[in-house]
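What follows is a predicted protein model with its sequence.
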Amino acid sequence: MFFTYILYSAILDTYYVGSTSNLDERIKKHNTNHKGFTGKAPDWVIKWAEKHSSKEEAGRRERQIKAWKSRKMIEQLVAKQ
């Protein structure tokens, strides 16, 4: 099982879109102090997740959401869950 997910950080007031095969472990990683974008804040919470049967499917959905480049559209998607 694979997931496409959206995280939110209140500290940064921003969303992050990603995909993974292990959602719990991935969120733990995002909330650690590391060099990546999500390492800037320790308060990432999951706002939305969608299951997929393949890594390719999850990656396609991640790229689709990122291509929106629209906070409003992401917030609409999150509100539907």
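Arrived safely, thanks for sending.

Please list the outside residues in contact with the lengthiest helix in the chain.
Among the elements of the chain assigned as helix by DSSP state H, the one spanning the most residues is helix 55-68. When contacts are defined by C-beta atoms under 8 Å, 6 or more residues apart in numbering, helix 55-68 is touched by residues 2-4, 6, 17-21, 50, 52, 74, 77. Where you see a C-beta, it was placed from the backbone N, CA and C, and this is true even at glycine.

just so I have it, where are all the helices in this protein?
Per DSSP H, the chain has helices spanning 23-30, 55-68, 71-80. These are given in chain order.

Return the members of the contacts of helix 55-68 classed as buried.
The neighbour-count test (16 or more other C-beta atoms under 10 Å) applied to the contacts of helix 55-68 identifies 2-4, 6, 17-20, 50, 52, 74, 77 as buried.

Which two among those residues are spaced furthest apart?
Looking at the buried ones among the contacts of helix 55-68 by C-beta to C-beta, the two members farthest from one another are 2 and 74, with 19.6 Å of separation.

before we move on, back to that, turn the helices of the chain into TSV, including distance to residue 37 and mean pLDDT.
Formatted as TSV, the helices of the chain follow (distance: least, C-beta to C-beta, whole Å; pLDDT from 0 to 100):
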stretch	distance to residue 37	mean pLDDT
helix 23-30	9	95
helix 55-68	12	97
helix 71-80	15	95
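
Which residues lie in contact with residue 7 in this structure?
For residue 7, the set of contacting residues under the criterion of C-beta under 8 Å, 6+ apart consists of 15-16, 18, 27, 30, 38, 44-47.

Could you export the residues you listed as a markdown table, including distance to residue 70?
Converted to a markdown table, the contacts of residue 7 look like this (distance: C-beta to C-beta, whole Å):
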| residue | distance to residue 70 |
| --- | --- |
| 15 | 10 |
| 16 | 15 |
| 18 | 17 |
| 27 | 23 |
| 30 | 22 |
| 38 | 20 |
| 44 | 20 |
| 45 | 21 |
| 46 | 20 |
| 47 | 15 |
